[in-house]
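Asks: just to be clear, the model below is a prediction. Sequence and coordinates:
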Amino acid sequence: MKNRLIILLLPIKFREFDYNRYDFEDYERMQNYDVICHELIDYIYPGFSEVFTKESEKRNVKKFNSFENWTKEIQKLKKVYKDKILIINELTNHSFKSIKINLFLKKNGIKTLIYSHLDHPSQASINLKKNIFYLFFNLIKNRKKLYFVIQHRIFEFISSILKLKPDFFLKTGNISQNSEIQYPKIISGHSRDYNMYIKLKKDNYKVSNEKYGLFLDSCQPVHNKGDSYINGDM
């Protein structure tokens, strides 16, 4: 056992794909760090785990179906590693359960890191008329979207009152996000998908000074689109 610990906190099933995407193999090679994944899908979204057809067989994954069992495990780890714990937190504050978890982490002084949600290139539209039309079209067509938008705004407001901010924010790319100002420490890095590309192509990787690049996504389904089915987007 080493004297520092990295915990990946996931609201989904931990798949082999995630093992590579979150650099687990690199963390495991680090001299002073243990690494483990806490899978909380059975607590955050009970009954939703069947959406994920493939999960990792790695031994350093622990599953939790209740808040009490998870907090007991964290307290046990804290006695061993003291204040040498870093949580890579993928739980957004969009439900009472995730807010409850993040509030527990804050009260116990456990450091957290979150990734930027800008995982891939996107085209920003400056056509206000078109944006307004698109907004109302979707709200009229699918009322669930309106419900989720309002729900998310309410939980974001609650989390801002409770000051549930991570200790570290991993920024991707050079474009600033308006929300960055709220984070105590900003770290520049790559998106997870681009990081995987660099690892796979590291022997042939070259730095380019060109202003623009072309992003080619994979030609087959990779991601589980559970939320998209719920929201009516599929």
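Replies: Perfect, I can see it now. Residues are numbered from 1 along each chain as shown.

Asks: quick check: buried residues in stretch 157-176?
Replies: By 16 or more other C-beta atoms under 10 Å, the buried positions in stretch 157-176 come out as 159, 164, 166-172. In this view, the C-beta of every residue, glycine as well, is placed from N, C-alpha and C.

Asks: for the record, mean pLDDT for the longest helix belonging to the chain?
Replies: Secondary structure of the chain per DSSP state H: the longest helix is helix 143-161. Averaged across helix 143-161, pLDDT comes to 83.

Asks: same for it, what does it pack against?
Replies: With contacts defined as 3 or more C-beta pairs under 8 Å, 6 or more residues apart in numbering; DSSP states H and E, helix 143-161 has these neighbours: helix 96-107, helix 128-141, helix 226-231.

Asks: helices and strands around the second one, which ones?
Replies: Spelled out, it's helix 128-141. helix 143-161.

Asks: hmm, back to that, can you flag which of the buried residues of stretch 157-176 belong to helices?
Replies: S159.

Asks: which of the buried residues of stretch 157-176 sits closest to Y115?
Replies: L170 (4.9 Å; C-beta to C-beta).

Asks: wait, that closest one touches S191, no?
Replies: No: at 9.1 Å, L170 and S191 do not qualify as touching, with contact defined as C-beta atoms under 8 Å.

Asks: where does this structure have low pLDDT?
Replies: For the chain, the stretches with pLDDT under 70 are 1, 53-58, 118-127, 173-183, 201-208, 213, 215-234.

Asks: ok, now which ones touch the residue nearest the centre of it?
Replies: Nearest to the mean C-alpha position of the chain, counting by C-alpha atoms, centre = their mean, stands E90 at 3.1 Å. Counting by C-beta atoms under 8 Å, 6 or more residues apart in numbering, E90 touches 8-12, 114-115.

Asks: if we can go back for a sec, as CSV, the helices and strands packed on helix 143-161 with distance to F155 and mean neighbour count would be great.
Replies: Shown next, in CSV, are the helices and strands packed on helix 143-161 (distance: least, C-beta to C-beta, whole Å; neighbours: other C-beta atoms under 10 Å):
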stretch, distance to F155, mean neighbour count
helix 96-107, 6, 17
helix 128-141, 19, 11
helix 226-231, 15, 13
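
Asks: would TSV of the ones you listed with distance to S49 be doable?
Replies: Shown next, in TSV, are the helices and strands packed on helix 143-161 (distance: least, C-beta to C-beta, whole Å):
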stretch	distance to S49
helix 96-107	15
helix 128-141	28
helix 226-231	10
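
Asks: export the contacts of E90 to JSON lines and tack on neighbour count and secondary structure?
Replies: Listed next are these as JSON lines, based on neighbours: other C-beta atoms under 10 Å; DSSP: H, G, I helix; E, B strand; the rest coil:
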{"residue": "L8", "neighbour count": "22", "secondary structure": "strand"}
{"residue": "L9", "neighbour count": "21", "secondary structure": "strand"}
{"residue": "L10", "neighbour count": "21", "secondary structure": "strand"}
{"residue": "P11", "neighbour count": "20", "secondary structure": "coil"}
{"residue": "I12", "neighbour count": "19", "secondary structure": "coil"}
{"residue": "I114", "neighbour count": "19", "secondary structure": "strand"}
{"residue": "Y115", "neighbour count": "20", "secondary structure": "strand"}
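
Asks: cool, thanks, talk later.
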